[in-house]
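Participant: Whatever this is, show me its structure:
(one chain, ligands or ions: 1)
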Amino acid sequence: MRRAIKDKHARFCLEFLQDGNAAAAYRRAGYAVKNADVNAARLMQRPDIQLYIRERRKEIENQLTFNAASIMNLLWDIVNADYTELSKVKNLPCKYCRSDGPILAQSPDPMCPECDGMGRRVVQYAESQYLSRQGKLIYQGAVQTPWGIRLSLTSKMKALELLMRMYLS
Ligand SMILES: [Zn+2]
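Facilitator: Next up, the predicted model:
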């Protein structure tokens, strides 16, 4: 529980946390410029002010840790995202493949006189609105080109590089 502290004292503390310069904080908090360093030093001696600064500093530190952790989580999700969720290369039966076998209906026919079971390659794209959270992290957009749809994707390697840099620092 934080005890009440004078508004002007609180202002002084917050200014002090900006740069750690008590005299400058004292002036910025709106106190008289004269003897700012002596008066600021006197304020810094007060237990309530020391406590307030300690608590605020801790709050700021917690916030920074939380942010670093959430950024690292985000990068980790990008690293683990599955590109094939966005687009897949599939082998489908060509039009000469037999399609009478119920199980093999979606697979090329190995006996096909035309494709010898190679089928035809098609690229299938996921509908962007149905992507998972991780899928949405790596999906940056798409354009229709004369040769098909071109996806822009987030680089996992870049994410891994940033993650390693944060981890090692
Ligand atoms: Zn075929």
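Participant: burial measure for M72, as a count.
Facilitator: M72 is flanked by 14 other residues according to other Cβ atoms under 10 Å. Backbone N, C-alpha and C define where each C-beta goes, glycine included.
Participant: Give me the distance from the helix or strand encompassing it to the chain's centre.
Facilitator: Using DSSP states H and E, M72 maps to helix 47-80. Averaging C-alpha positions (Cα atoms, centre = their mean, to the nearest Å) puts helix 47-80 15 Å from its chain's average.
Participant: One more: stretch 75-86?
Facilitator: The answer for stretch 75-86 is 12 Å, by Cα atoms, centre = their mean.
Participant: what's the span of it from first residue to last?
Facilitator: 18 Å (Cα to Cα, to the nearest Å).
Participant: Can you mark which positions in that stretch are buried?
Facilitator: Neighbour counts over stretch 75-86 (16 or more other Cβ atoms under 10 Å) mark L75, D77, I78, V79, A81, E85, L86 as buried.
Participant: For L160, what is the enclosing helix or strand?
Facilitator: helix 156-168.
Participant: my guess is A29 contacts R11, does it?
Facilitator: Yes - A29 is in contact with R11 according to Cβ atoms under 8 Å; the separation is 4.4 Å.
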